[in-house]
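Peer 1: attaching a predicted model along with its sequence, questions to come.
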Amino acid sequence: MASNATIYKATLQISDMDRQYYGDHSLTLARHPSETDERMMVRLLAFALHGHEALSFGRGVSTEEEPALWLKDLTGAIDLWIEVGQPDEKSIRQACGRAQQVYLYTYGGRGADQWWEKNLATLARLTNLTVMNLPLDGSRALAQLAMPSMQLQCTIQEGQIWMANGEHTVQLELTLLKQPATPSGR
């Protein structure tokens, strides 16, 4: 964790009917000074979408050799590498070389669209990469749920995602931009 990071605590209850995964997670998120609530909440959404007891947050935006989230097996091999935002294509290529599966969650509206158009040709060749886009209104609504201490429920069914904090519910739908060459189990 960065020394100037702001610490957020989240209790996240996941009901993923698409994957038949149900779990309660107590999470600590370190928000780097350069990170926005929007990016932090997209990281939390990515956690919910891939919920697993061994899934963990990387050291954050200040550490290039670690992703936003990852899942390692017992030998330390990286099964799943998850990044959010608009990373440079070189780091995505490196991640694809290091991990069995790589997921990228873009957000930010037009900026994300332009980033995708610029990198599409290079990233299309990566066979273990999945790229999903969260529309701007979705990422902004998600950011409104950010609080230093959060109790959130995430329900996933038939590709629809609902994130709620007891007072407000945000409905999200991701757009698949690129899928891996072979179907994955996650």
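Peer 2: Arrived safely, thanks for sending.
Peer 1: from here on, just use CA atoms for contacts and neighbour counts.
Peer 2: Noted.
Peer 1: list the contacts of Val131.
Peer 2: Residues counted as contacts of Val131 (CA atoms under 8 Å, 6 or more residues apart in numbering) are Tyr103, Leu104, Tyr105, Thr106, Leu176, Leu177, Lys178, Gln179.
Peer 1: only whichever of those are buried, select them in PyMOL.
Peer 2: With 16 or more other CA atoms under 10 Å as the criterion, this PyMOL line picks the buried residues out of these:
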select buried, resi 103+104+105+106+178+179
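Peer 1: would you list the contacts of Val131 in a markdown table and tack on pLDDT, secondary structure and distance to Gln151?
Peer 2: Formatted as a markdown table, the contacts of Val131 follow (pLDDT from 0 to 100; DSSP: H, G, I helix; E, B strand; the rest coil; distance: CA to CA, whole Å):
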| residue | pLDDT | secondary structure | distance to Gln151 |
| --- | --- | --- | --- |
| Tyr103 | 98 | strand | 25 |
| Leu104 | 98 | strand | 25 |
| Tyr105 | 98 | strand | 23 |
| Thr106 | 97 | strand | 24 |
| Leu176 | 96 | strand | 28 |
| Leu177 | 97 | strand | 31 |
| Lys178 | 97 | strand | 32 |
| Gln179 | 95 | coil | 32 |
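Peer 1: wouldn't Ala99 be in contact with Leu80 here?
Peer 2: Yes: contact criterion CA atoms under 8 Å: Ala99 and Leu80 qualify, at 5.9 Å.
Peer 1: the two: which is more packed in?
Peer 2: Ranked by neighbour count (other CA atoms under 10 Å), Ala99 and Leu80 place Leu80 first, with 22 against 19.
Peer 1: so who does the more buried one touch?
Peer 2: Counting by CA under 8 Å, 6+ apart, the residues that Leu80 touches are Trp70, Leu71, Lys72, Ala99, Gln100, Gln101, Val102, Tyr103.
Peer 1: which ones among those residues map onto strands?
Peer 2: Trp70, Leu71, Lys72, Ala99, Gln100, Gln101, Val102, Tyr103 (DSSP state E).
Peer 1: which two in those are spaced the farthest apart?
Peer 2: Spatial extent of the ones in strands among the contacts of Leu80 (CA to CA) is set by the pair Lys72 and Tyr103 at 14.3 Å.
Peer 1: sorry, back to before: ok, the contacts of Val131 vs Glu117, which is closest?
Peer 2: Among the contacts of Val131, and counting by CA to CA, the member closest to Glu117 is Leu177, at 10.5 Å.
Peer 1: where in this structure is pLDDT low?
Peer 2: Residues of the chain meeting the criterion pLDDT under 70: 1-3, 60-64, 182-186.
Peer 1: strands of this structure, start to end?
Peer 2: With DSSP E applied, the chain shows strands at 6-16, 21-31, 56-57, 69-72, 78-84, 99-107, 129-134, 149-157, 160-164, 169-173, 175-178, listed in chain order.
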